[in-house]
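1. Quick one, structure for this:
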Amino acid sequence: MNDNFLQSRSISRILIHQGFCPMRGVPAFLKNHTVLLNGQRVLLKETLVYPQDEITIDGTILLRKPDITFLMDKPKGYVCSRVSDRRQTVYSLLPQELQETKDLHTAGRLDADTTGLLIFTTNGNLSNYLTDPKNKIEKEYSVTLKKPLTKSEQEVYISKCNQGLYIPPEKKDGDFTAFPKKLYFTSPNSCRITLTEGRFHEVRRIFQSLGNLVIELRRISMGPYSLEDLNN
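-> Below you'll find the predicted structure:
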């Protein structure tokens, strides 16, 4: 993926992010105001704007706010939605200024019981790239299992995953065949697994299909981002 494209944004997202109008008001704003991109009139809300481009609105150069991207080591018990009736949200862990930042969202989610790497960004292209299944972005997890396994049982797990493992439906997500890219054990009841599909509760469903239960789940990395980055 071109880095320049990942840094681009549609003119509509820029106008919304800068507070000129709400989403529904973008077409009217472009019609009623002179919005120029590198000197050319913009009338289509989908027009892409790159970091080096110049925008003027009614003759005034727009100073754009830079995108924000940062990482969190998510603790257990927090959900990734902005509002929750039952649990605290990860946004409550952020400074007030970031809580109020428009367009800030998580690139993919972790459920309340899963800890580890969470990516926050205001860049929609980046989050779409990281979460779109067709891009096959690798996500590595550290897993603690309820039932310890012998070496031979571990080899059976690895073999079944290499062959493709049938996963029954759960809630709104249908059945599918999981093909973990990598699975290796670090102890009788702990392992590392790397996925590219990103299905609902996929890690837990994989081990449940293998006859075991996940008691601790932690995301270690996602694409180019890793928990190790938090220590640098």
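2. Are there helices or strands packed against the helix or strand hosting residue 31, and which ones?
-> Assigned by DSSP states H and E, residue 31 belongs to helix 26-32. Using 3 or more Cβ pairs under 8 Å, 6 or more residues apart in numbering; DSSP states H and E as the contact criterion, the elements in contact with helix 26-32 are helix 11-17. C-beta coordinates here come from the backbone N, C-alpha and C atoms, glycine included.
3. residues of the helix holding residue 31 that come out buried?
-> The neighbour-count check on helix 26-32 (16 or more other Cβ atoms under 10 Å) flags 26, 29-30 as buried.
4. pLDDT added to the residues you listed, as a markdown table?
-> What follows is those, written out as a markdown table (pLDDT from 0 to 100):
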| residue | pLDDT |
| --- | --- |
| 26 | 93 |
| 29 | 95 |
| 30 | 96 |
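5. hmm, back to that, name the surrounding residues that touch the helix holding residue 31.
-> When contacts are defined by Cβ atoms under 8 Å, 6 or more residues apart in numbering, helix 26-32 is touched by residues 11-12, 15-16, 20-21, 35, 42-45.
6. among these, which ones are buried?
-> By neighbour count, with 16+ other Cβ under 10 Å, the contacts of helix 26-32 hold 11-12, 15-16, 21, 35, 42, 45 as buried.
7. could you dump the residues you listed to CSV with pLDDT and distance to residue 158?
-> Shown next, in CSV, are those (pLDDT from 0 to 100; distance: Cβ to Cβ, whole Å):
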residue, pLDDT, distance to residue 158
11, 92, 49
12, 91, 47
15, 89, 51
16, 83, 47
21, 88, 54
35, 96, 56
42, 96, 53
45, 92, 49
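8. and the closest residue to residue 186 other than its chain neighbours, what helix or strand is that in?
-> Using Cβ to Cβ, 6 or more residues apart in numbering and skipping the chain neighbours, the partner closest in space to residue 186 is residue 192 (6.5 Å). Per DSSP H and E: residue 192 is located in strand 190-195.
9. between the helix or strand that that strand is followed by and strand 190-195, how big is the angle?
-> Counting by DSSP H and E, the next helix or strand C-terminal to strand 190-195 is helix 202-209. Interaxial angle of helix 202-209 relative to strand 190-195 (axes from the mean of the first three to the mean of the last three Cα atoms, to 10 degrees): 120 degrees.
10. and helix 202-209, which residues are buried?
-> For helix 202-209, by 16+ other Cβ under 10 Å, it's 202-207.
11. Work out the gap between that helix and the centre of the chain.
-> Averaging C-alpha positions (Cα atoms, centre = their mean, to the nearest Å) puts helix 202-209 20 Å from its chain's average.
12. Pass me the low-pLDDT residue ranges in the protein, would you?
-> Scanning the chain for pLDDT under 70 picks out 1-6, 232.
13. what's the longest helix in it?
-> Ordering each helix of the chain by length in residues (DSSP state H) puts helix 151-163 first.
14. what's that one packed up against?
-> Here helix 151-163 touches strand 182-187, going by 3+ Cβ pairs under 8 Å, 6+ apart.
15. gap between the residue nearest to the spatial centre of the chain and residue 158?
-> Centrality entry for the chain: nearest residue to the mean C-alpha point is residue 107, 2.0 Å, by Cα atoms, centre = their mean. In this view, residue 107 and residue 158 are 29 Å apart by Cβ to Cβ, to the nearest Å.
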